[in-house]
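**Q** Structure, please.
(chains A and B)
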Protein chains: 2
Amino acid sequence: MNSDASAPLPVAIEPEHDRYLVAAVEAGGGVVVPMSRARALVWIGAPNDFPRLDDTIEWVALKTAGIEGFKDADVLDDRRIWTNASGFYAAGCAEHALALLLAGLRQLHTSVLLGWNETVIPPAVRTLRGATVAIIGAGGIGRELTPRLRACGASVLAVNFSGRPVDGADRTLPVAQTDEALAAADHVVLAAPSTAATRHLLDDRTLALLKPHSWVVNVARGRLIDQDALGRALRAGTIAGAALDVTDPEPPADDDPLYSYPNLILTPHIANPAPGLTREMAPWLTENVRRFAAGEPLLSVVDPAADY
Amino acid sequence: MNSDASAPLPVAIEPEHDRYLVAAVEAGGGVVVPMSRARALVWIGAPNDFPRLDDTIEWVALKTAGIEGFKDADVLDDRRIWTNASGFYAAGCAEHALALLLAGLRQLHTSVLLGWNETVIPPAVRTLRGATVAIIGAGGIGRELTPRLRACGASVLAVNFSGRPVDGADRTLPVAQTDEALAAADHVVLAAPSTAATRHLLDDRTLALLKPHSWVVNVARGRLIDQDALGRALRAGTIAGAALDVTDPEPPADDDPLYSYPNLILTPHIANPAPGLTREMAPWLTENVRRFAAGEPLLSVVDPAADY
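**A** Numbers count the residues shown, from 1 in each chain, chains lettered A, B, ... in the order given. Have a look, this model is predicted:
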C-alpha cells in the first residue's frame, strides 16, 4: 500500500473509464490506475456486477444516492469506507421537486392536455407563495429545497429523524410527529430514504390527514407511497394531485393503474437524468479525492450497518 | 369634498361590490359609498364600461397590471391619480415564470404527453442550477423573479430601461444592450410592458442570438414575440423550447399555428388567475387606501402620458 501523502492517490474507475470521472480524479490530485494498484475504487456499474475487493481498496465511491441495490446484493462491508453520492444529487432532486410542485399548483399538466382552456384551468390554479410545504425526510434534499421554497414565499415545515432544526426551515419536527406535519401542511414533498420504516409512509390513513387542495410530490423512492391508496385519494378528490418522479415498481407496467388516476403528473426518474450523470458527479468526486488524499473526512459516507 | 383626515376615506367599488375589496377598503380605514359621494374609485369592470367621472374622484384604482385597454378606450386623464395593480401581481407572474421555465427545462410537457419514456426524455432534461437567465424588462416581476432564480442556483442577467442595477441580479444592462444579454443568456424571461418599442422584441433576428438549449418564457404580453418567427426557431431547433402564458391574439384561434410547434408549452393567462383575483388584490388595496388617507405616495401610480 502506497501511503506516501505526496504521491497522487491511485484510483480505479470500473467497470469502464468515464472521461468526466477521469478528469475529476485528476483534478482532485489523483491518478487513474487498474484496480490491482488502486487505493480507491469508483464503481459506476450495477450492484450485481460488483467485483470482489482486495483489502488494498480503502474507499469505494458509488455513483448513486439510493444504495438499496448494493445492500440487497450484499456488497457493502466494514473493511473500508463506502460513500454514495447523495450530497451531490440533492440539488437536482430539490430542483425537480420544485418543478413538480409548481407544475401541479399551476396546472401545467392540464394546460398541456387541454390547451387554452379558460373554464377548467384558472379555478384550479393555486400559488406556492403563502403555502406551507412539509418536507418529509429533510436531509440533503431538504437542505437544498428549503431555500428554494422560501424564495418562492412558502413556509417550510421540515420533518427529520431527530427533529434537530433544519437551517432555514420555519419549523422542524421529529419523525414521531410526522402526522402533525402532514395535518399542518398545504403540500407535501417526500425526500426520505427507502427503509422498512418509511415503506408506505403515505397510505390511506396518512393521506387522509391532507387537504383537498394538497399536492403530494415524491422525488425519493416509489415505495414511500402506497400507490393504491394514492389512487383512492386522487379519485375521491380528498387531495388535489400528486407529482411523482419515482414509482413502485419502476418503470410502471403499461397497464399500471397510475396511468388512470386524475391529476397525476409522472416523470421517468429524471431528477438527476442518467445522461450526463457522471458529469454531474464529477465535482463531488474531485472533492472527495482531495479529502481522502489529505486525510480529511469524506462527504456522503455510508454506514453499512444503518438501514440507509 | 371631505378633507377631514380623521374621517374614513369614502371609496366607491364599481361596477359591482366585491366582498374581498369591501373588506380591503375597510381594513385600510376607508368606507364603501356610492360613487357620487366617493373620493376614490376602485374599478373592476371592463375598459369600455368605464363611467364618466366627476372631479370629486381624486384617485382611480384599476385592478389590472397591463392597462393598454384603458389607454385604448381613452379613459385615463390627468385630473386625478391613477393606479394599476402591477406591484401586487408581480409575485404571481414571477412564480408562474419560474414554473414555466422549470417545466421546460425538466421536460414536464413531454412527460405528460409521452408517459414514462426513458429514451426521449432524459437526454433533453436540463437544470436551472448553473444556468444564466436573462430577464428582459426587469421591473416589478424582475424584482420578484430574481431571488427565486438565485435560490435555484441560476445567475440573473437583468435588462431594464436605465441599466440601473437590479437588487440581487448578477448583472444589469440597459435596454440598448438587449442583444448582448440575449447572446450571453442560457434562457430568457420576458417581463417587459407592451409598448411600441417592445413589440416583437423577439423576432427572427433576436431569436437567432439564443442557443440551441435556450428556453424562452413569456409572462408579460403576447405582442412581445413575433409568433411566426418563434415557430420558425422552434421547428428549426435553433432554440430548445418556449413556454408562454400570453399570446397574440389571446386566446389563440383553434387553428393558430402555435398549437403545431414542437416544444411549446402554453398556459391560458393564469399567472394571476381571474378567480380569486380580487382576493389577491385586497392587501394591495388596503395599503393604498391607508396611504391615500395618510397623504402618502401611492403604490403603482400610472403615468397617463407614458407608454405603459
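**Q** Mind telling me which residue of the stretch 151-300 of chain A is nearest chain B?
**A** Relative to chain B, the nearest point of the stretch 151-300 of chain A is A:Ala151 (3.5 Å; Cβ to the nearest Cβ). Heads up, the C-betas are built off the backbone N, CA and C, glycines and all.
**Q** Correct me if wrong: that residue contacts B:Pro147.
**A** Yes - counting by Cβ atoms under 8 Å, A:Ala151 touches B:Pro147, with 4.9 Å between them.
**Q** List the buried residues of stretch A:74-86.
**A** By neighbour count on 16 or more other Cβ atoms under 10 Å in any protein chain shown, the buried set for stretch A:74-86 is A:75-76, A:80-86.
**Q** any idea where the strands of the stretch 51-200 of chain A begin and end?
**A** Using DSSP state E, counting those that start in this stretch, the strands found in the stretch 51-200 of chain A span residues A:59-62, A:81-83, A:132-136, A:155-160, A:171-174, A:187-190.
**Q** Quick check: which of those strands has the most neighbours on average?
**A** strand A:187-190 (a mean of 27; mean count of other Cβ atoms under 10 Å in any protein chain shown).
**Q** Find out how far that one is from the centre of the chain, if you would.
**A** Mean C-alpha position of strand A:187-190 versus that of the full chain (Cα atoms, centre = their mean, to the nearest Å) differs by 13 Å.
**Q** Mean confidence (pLDDT) on it, please.
**A** The average pLDDT within strand A:187-190 is 98.
**Q** elements contacting it?
**A** helix A:86-105, strand A:132-136, strand A:215-218 (3 or more Cβ pairs under 8 Å, 6 or more residues apart in numbering or on different chains; DSSP states H and E).
**Q** can you give me the angle the second one makes with strand A:155-160?
**A** Per axes from the mean of the first three to the mean of the last three Cα atoms, to 10 degrees, the angle that strand A:132-136 makes with strand A:155-160 is 20 degrees.
**Q** Ok, the longest one next?
**A** An angle of 140 degrees separates the directions of helix A:86-105 and strand A:155-160 when computed by the same axes, to 10 degrees.
**Q** Export only the CA atoms of helix A:86-105, formatted as CSV.
**A** What follows is helix A:86-105, C-alpha atoms only, in CSV (Å, rounded to 0.1, in the frame of the first residue of the first chain):
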residue,chain,number,x,y,z
SER,A,86,-26.5,11.6,-2.0
GLY,A,87,-24.9,15.0,-1.3
PHE,A,88,-24.3,15.9,-4.8
TYR,A,89,-27.6,14.7,-6.3
ALA,A,90,-29.6,16.5,-3.6
ALA,A,91,-29.6,19.8,-5.7
GLY,A,92,-31.1,18.0,-8.7
CYS,A,93,-33.7,16.3,-6.6
ALA,A,94,-34.6,19.6,-5.0
GLU,A,95,-34.9,21.4,-8.3
HIS,A,96,-37.1,18.6,-9.7
ALA,A,97,-39.3,18.6,-6.6
LEU,A,98,-39.9,22.4,-7.0
ALA,A,99,-40.6,21.9,-10.7
LEU,A,100,-43.2,19.2,-10.0
LEU,A,101,-44.8,21.1,-7.2
LEU,A,102,-45.1,24.3,-9.2
ALA,A,103,-46.4,22.3,-12.2
GLY,A,104,-49.2,20.9,-10.2
LEU,A,105,-50.1,24.1,-8.4
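**Q** so what does that helix touch, helix or strand wise?
**A** Taking 3+ Cβ pairs under 8 Å, 6+ apart as contact, the helices and strands that helix A:86-105 lies on are helix A:140-151, strand A:187-190, strand A:215-218, strand A:241-244, strand A:264-266, helix A:277-294, helix B:86-105, helix B:108-114.
**Q** Report the mean per-residue pLDDT for that helix.
**A** Mean pLDDT, computed over helix A:86-105, is 93.
**Q** Quick check: which ranges of chain A have low pLDDT?
**A** Residues of chain A meeting the criterion pLDDT under 70: A:1-5, A:305-308.
**Q** how does it divide into domains?
**A** As assigned by automatic domain parsing, chain A contains the domains A:9-87+A:274-294, A:90-266.
**Q** Excluding sequence neighbours, find me the nearest residue to A:Ala151.
**A** Nearest residue to A:Ala151, sequence neighbours excluded (Cβ to Cβ, 6 or more residues apart in numbering or on different chains): B:Ala151, at 3.5 Å.
**Q** Which residues are in contact with the residue nearest to A:Ala90 when sequence neighbours are not counted?
**A** Leaving aside its sequence neighbours, A:Ala90 sits nearest to A:Gly140 (Cβ to Cβ, 6+ apart; 3.5 Å). Shown in contact with A:Gly140 (Cβ atoms under 8 Å, 6 or more residues apart in numbering or on different chains): A:86-87, A:89-90.
**Q** now those in TSV, with distance to B:Val302?
**A** What follows is the contacts of A:Gly140, written out as TSV (distance: Cβ to Cβ, whole Å):
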residue	distance to B:Val302
A:Ser86	51
A:Gly87	50
A:Tyr89	48
A:Ala90	45
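**Q** Quick check: of those residues, which lies closest to A:Val25?
**A** Taking Cβ to Cβ as the measure, A:Val25 lies nearest A:Gly87 of those, at 17.7 Å.
**Q** contacting residues around the closest residue to that closest one other than its chain neighbours?
**A** Take A:Gly87 and drop its neighbours on the chain: the residue closest to it by Cβ to Cβ, 6+ apart is A:Ser300, 4.4 Å away. A:Ser300 makes contact with A:83-88, A:284, A:288, according to Cβ under 8 Å, 6+ apart.
**Q** ok, of these, which one's closest to chain B?
**A** A:Phe88 (11.4 Å).
**Q** neighbours around the closest residue to the closest one other than its chain neighbours, how many?
**A** Nearest in space to A:Phe88, with sequence neighbours left out and distances taken as Cβ to Cβ, 6+ apart, is A:Trp284 at 3.7 Å. Using other Cβ atoms under 10 Å in any protein chain shown, A:Trp284 has 20 neighbouring residues.
**Q** what's across from A:Ala134 in the sheet?
**A** Beta bridges link A:Ala134 to A:Leu157, A:Val188, judged by DSSP bridges.
**Q** In contact with it, which residues?
**A** A:Ala134 makes contact with A:157-159, A:181-182, A:184-185, A:187-189, according to Cβ under 8 Å, 6+ apart.
**Q** Next: A:Ala274.
**A** A:Ala274 makes contacts with B:Pro122, as judged by Cβ under 8 Å, 6+ apart.
**Q** Specify the local secondary structure of it.
**A** coil (DSSP: H, G, I helix; E, B strand; the rest coil).
**Q** State the distance from it to B:Arg205.
**A** Taking Cβ to Cβ, to the nearest Å as the criterion, A:Ala274 is separated from B:Arg205 by 37 Å.
**Q** Also A:Thr247?
**A** In this structure, A:Thr247 and B:Arg205 are 45 Å apart, going by Cβ to Cβ.
**Q** Neighbour count: the two, which is higher?
**A** A:Thr247 (22 against 12).
**Q** mind checking the SS state of that one?
**A** coil.
**Q** so what's the residue most central in space within chain A up against?
**A** Nearest residue to the geometric centre of chain A (Cα atoms, centre = their mean): A:Ala220, 4.4 Å. Contacts for A:Ala220 (Cβ under 8 Å, 6+ apart) come out as A:93, A:137, A:141, A:190-194, A:246.
**Q** Confirm that it sits in a strand.
**A** No - counting by three-state DSSP, A:Ala220 is not part of a strand but coil.
**Q** re earlier: okay, the helices and strands packed on helix A:86-105 in TSV with distance to A:Pro47 next?
**A** Converted to TSV, the helices and strands packed on helix A:86-105 look like this (distance: least, Cβ to Cβ, whole Å):
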stretch	distance to A:Pro47
helix A:140-151	21
strand A:187-190	23
strand A:215-218	23
strand A:241-244	24
strand A:264-266	25
helix A:277-294	16
helix B:86-105	31
helix B:108-114	27
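**Q** of those, which approaches B:Pro251 most closely?
**A** Proximity of those to B:Pro251 was assessed by Cβ to Cβ; the nearest stretch is helix B:86-105, lying at 16.8 Å.
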